[in-house]
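A.B. asks: okay, predicted coordinates and the sequence, questions at the end:
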Amino acid sequence: MAKATTGTAAPDVGGETPPSPSREVMFDLLGNSRRRRVLRHLLDEREITLTDLSARIAAWENDTSVTDLSSRQRKQVYSSLYQTHIPRLSEHGIVAYDADDRIVRLTGDADRLRRFLDVDGPERGHFSYQWSRYFLWTAVVGSAAIAGNWLGTTPATHLGTGELYGLLTVTFMMLSVSFVMAVEGQKLLGVGD
């Protein structure tokens with residue numbers, strides 16, 4: 001007995017796989033947070049039952065564990081995935097759904113999906129937090145220095161407010177250039193990929 005499968009990821013008659021969705025289609029597909037979450041899970045686990053996938057997404061959306069989900073929470077996400085999101089992703093060859101086994105498989109280009117989702121390893125997340133802290137502390141220290149200058153309580157009272165604004169602006173500009181070079185430097189300079 002043949003399994004019922006939805007999706008367009010199987011090779012066509014000529015043996016070619018369907019073309020990847022255009023950039024515009026990808027942005028449209030990834031405009032929904034639930035679909036983004038589906039793809040993030042499938043990038044980690046290439047094949048998963050729809051039941052398990054919907055439970056994980058429901059747990060994330062409800063900020064709880066899978067074991068603490070109510071039946072209603074599970075059903076809402078399951079229905080949404082089954083009726084809307086999985087067919088939409090399948091229609092564009094990104095996933096395939098086996099209706100008999102209720103298994104969702106990632107069939108699209110994982111590297112391309114990662115680029116669209118900006119999903120990298122844990123270092124990328126730490127890296128982003130590190131930079132956000134640099135910007136935060138620069139803003140806090142700069143604002144405190146300017147406020148202290150207005151009140152006449154900082155050691156830099158010999159500097160005018162305009163000079164402090166200028167110093168803070170230059171500091172933010174240097175920090176921004178450093179951030180761009182750290183994140184996009186290789187691409188901007190044409191080094192590497």
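C.D. replies: All right, it came through fine.

A.B. asks: low-scoring stretches of the chain, by residue?
C.D. replies: 1-19, 119-129, 154-157, 185-188, 190-193 (pLDDT under 70).

A.B. asks: do a quick rundown of the strands in it.
C.D. replies: Under the criterion DSSP state E, the chain contains strands at 5-6, 47-49, 95-98, 103-106.

A.B. asks: what sits against F27?
C.D. replies: Going by Cβ atoms under 8 Å, 6 or more residues apart in numbering, F27 touches F116. Any C-beta I mention is one placed from the backbone N, CA and C, and that applies to glycine too.

A.B. asks: and if you look at L117?
C.D. replies: Counting by Cβ under 8 Å, 6+ apart, the residues that L117 touches are L30, R36, L39, R40, L43.

A.B. asks: do that again at 7 Å, thanks
C.D. replies: L30, R36, L39, R40 (Cβ atoms under 7 Å, 6 or more residues apart in numbering).

A.B. asks: ok, and the most crowded of these?
C.D. replies: When neighbours are taken as other Cβ atoms under 10 Å, the top entry among the contacts of L117 is L39 (24 neighbours).

A.B. asks: name the nearest residue to that residue, sequence neighbours excluded.
C.D. replies: Of all residues not flanking L39 in the chain, L113 sits nearest, at 5.7 Å (Cβ to Cβ, 6 or more residues apart in numbering).

A.B. asks: circling back: which ones among the contacts of L117 lie within helices?
C.D. replies: R36, L39, R40 (DSSP state H).

A.B. asks: now render those as CSV, adding distance to F172.
C.D. replies: Listed next are the ones in helices among the contacts of L117 as CSV, based on distance: Cβ to Cβ, whole Å:
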residue, distance to F172
R36, 31
L39, 35
R40, 32
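
A.B. asks: between these, which sits nearest V104?
C.D. replies: L39 (10.4 Å; Cβ to Cβ).
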